[in-house]
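Student: Got a sequence here, can you model it:
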Amino acid sequence: MEIISTTKKMQEHADSVRRLGKTIGLVPTMGFLHEGHLSLMREARKRTEHLVVSIFVNPTQFGPGEDFDAYPRAFERDAARAEKEGVDVIFAPVETELYTKEFQTYVVLEKIPKHLCGISRPTHFRGVATVVAKLFNIVKPDTAVFGRKDYQQFVLIRRMAIDLNFDIEIVGFPTVRESDGLAMSSRNSYLTPEQRRSALSLYRSLIEGRKLVKSGIKNSSRIIDSASKLINSHKETDIDYISICDPETLVEMEIIDRPAIMALAVKVGKTRLIDNMMLNPSEGMTDDPSAY
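Tutor: Model (predicted):
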């Protein structure tokens, strides 16, 4: 496994791989790798011949007062895990490789960031779209794999790839969970044992929402009220949003008369967690939007 830290060398490496006729897979990460990340690597490996994983804690997607400085970093551990998964290259640039002092160009989507996490994090998705676009131009992948736990991010990147004519297959992979249902996240490491128990309320509220839809309830407000009560019954929880919305546009749906995404963001202590599930009024629930 090779570790590359400069954009020029990464681009040259990508060009050499393409000249050999091999396909390139990309899994963008901010490091502190867990099983969720590793599952994305396995999926990308199935689809492509040369696998690149980027590790970069992107400053432009963190707002004032957020956890950029505290975000967990463990590069040596990450490199060992990536190598075990058969990764060919880790692209690990320093900040100045992607953002020079003169940097002034950002990618901004008009509609998708105005929903869900974008309401309380107004500059977040500008940073996400910009860094992913840069990674696409540097790594030159044929396929890029993203986790659907960050559902809004997945929808945004897929839309950006279409709008800007990136010739890249964007793959969304189902959420990977702990044995008790908690969605895997690097930020789970912030939680105390008691907070982790409270964090399970996110998953349980989604499961309850699925059950209500399966029982025939189609009014979104009833499902959201049920989820709010469940989450608020746990210690140190502070709901940012609970939304039931269109899987493509993220516009809220008052009536669940077709497949919908139920998404939520909750602070547990000082840790902001997100989760989601796809609801289908005719089938109850599936984690795979492509099934529709």
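
Student: so where's the stretch 51-200 of the chain uncertain?
Tutor: Scanning the stretch 51-200 of the chain for pLDDT under 70 picks out nothing.

Student: what about the strands in it?
Tutor: 89-91, 143-147, 169-173 (DSSP state E, counting those that start in this stretch).

Student: Return the set of buried residues in the last one.
Tutor: If I follow you right, that is strand 169-173. 170-173 (16 or more other CB atoms under 10 Å). Heads up, the C-betas are built off the backbone N, CA and C, glycines and all.

Student: Quick check: the farthest pair among those residues?
Tutor: Distance extremes for the buried residues of strand 169-173: the farthest pair is 170 and 173 at 10.9 Å, using CB to CB.

Student: Overlap in contacts, these two.
Tutor: residue 146 (CB atoms under 8 Å, 6 or more residues apart in numbering).

Student: how about the strands of the stretch 51-200 of the chain in CSV, adding distance to residue 12?
Tutor: Listed next are the strands of the stretch 51-200 of the chain as CSV, based on distance: least, CB to CB, whole Å:
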stretch, distance to residue 12
strand 89-91, 12
strand 143-147, 20
strand 169-173, 23
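
Student: Got the domain ranges for this protein?
Tutor: Annotated domains of the chain cover 2-173, 187-284 [automatic domain parsing].

Student: is it possible to export the ones you listed to a markdown table including distance to residue 179?
Tutor: A markdown table is the format used below for the domains of the chain (distance: least, CB to CB, whole Å):
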| stretch | distance to residue 179 |
| --- | --- |
| domain 2-173 | 11 |
| domain 187-284 | 11 |
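
Student: residue ranges of the helices in the stretch 151-292 of the chain, please?
Tutor: 151-163, 193-214, 220-232 (DSSP state H, counting those that start in this stretch).

Student: Redo those helices as a markdown table? Include distance to residue 138 and mean neighbour count.
Tutor: What follows is the helices of the stretch 151-292 of the chain, written out as a markdown table (distance: least, CB to CB, whole Å; neighbours: other CB atoms under 10 Å):
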| stretch | distance to residue 138 | mean neighbour count |
| --- | --- | --- |
| helix 151-163 | 15 | 20 |
| helix 193-214 | 34 | 19 |
| helix 220-232 | 40 | 17 |
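
Student: Now distance to residue 25 too, for these, in TSV please.
Tutor: Listed next are those as TSV, based on distance: least, CB to CB, whole Å:
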stretch	distance to residue 25
helix 151-163	15
helix 193-214	29
helix 220-232	36
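
Student: Of these, which is nearest residue 245?
Tutor: Nearest of the helices of the stretch 151-292 of the chain to residue 245, taken as CB to CB: helix 220-232 at 8.7 Å.

Student: CA atoms of the closest one as CSV?
Tutor: C-alpha atoms of helix 220-232 as CSV (Å, rounded to 0.1, in the frame of the first residue of the first chain):
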residue,chain,number,x,y,z
SER,A,220,-45.9,12.3,9.2
SER,A,221,-46.6,14.5,12.3
ARG,A,222,-47.9,11.5,14.3
ILE,A,223,-44.7,9.5,13.6
ILE,A,224,-42.5,12.5,14.3
ASP,A,225,-44.3,13.2,17.6
SER,A,226,-43.8,9.6,18.6
ALA,A,227,-40.1,9.8,17.8
SER,A,228,-39.7,13.1,19.7
LYS,A,229,-41.3,11.6,22.9
LEU,A,230,-39.1,8.6,22.8
ILE,A,231,-35.9,10.5,22.3
ASN,A,232,-36.8,13.2,24.9
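
Student: what's the offset of that helix from the middle of its chain?
Tutor: Chain-centre distance of helix 220-232: 24 Å, with CA atoms, centre = their mean, to the nearest Å.

Student: List the contacts of it.
Tutor: Counting by CB under 8 Å, 6+ apart, 201-202, 204-206, 208-209, 212-213, 217, 237, 239, 242-244, 252-256, 260, 262, 264, 266 sit against helix 220-232.

Student: one more time with 6 Å, if that's ok
Tutor: If you take CB atoms under 6 Å, 6 or more residues apart in numbering as the criterion, helix 220-232 is touched by 201, 205, 208-209, 212, 237, 239, 242, 244, 253-254, 266.

Student: cool, stretch 163-172 as well?
Tutor: The contact list for stretch 163-172 (CB under 6 Å, 6+ apart) reads 136, 141, 143-146, 148, 154, 158, 161.

Student: now with 7 Å?
Tutor: Defining contact as CB atoms under 7 Å, 6 or more residues apart in numbering, one finds that stretch 163-172 is touched by 43, 136, 141-146, 148, 154, 157-158, 161.

Student: Give me the distance between it and the centre of its chain.
Tutor: Its chain's average C-alpha position is 16 Å from that of stretch 163-172, according to CA atoms, centre = their mean.

Student: Much appreciated, bye for now.
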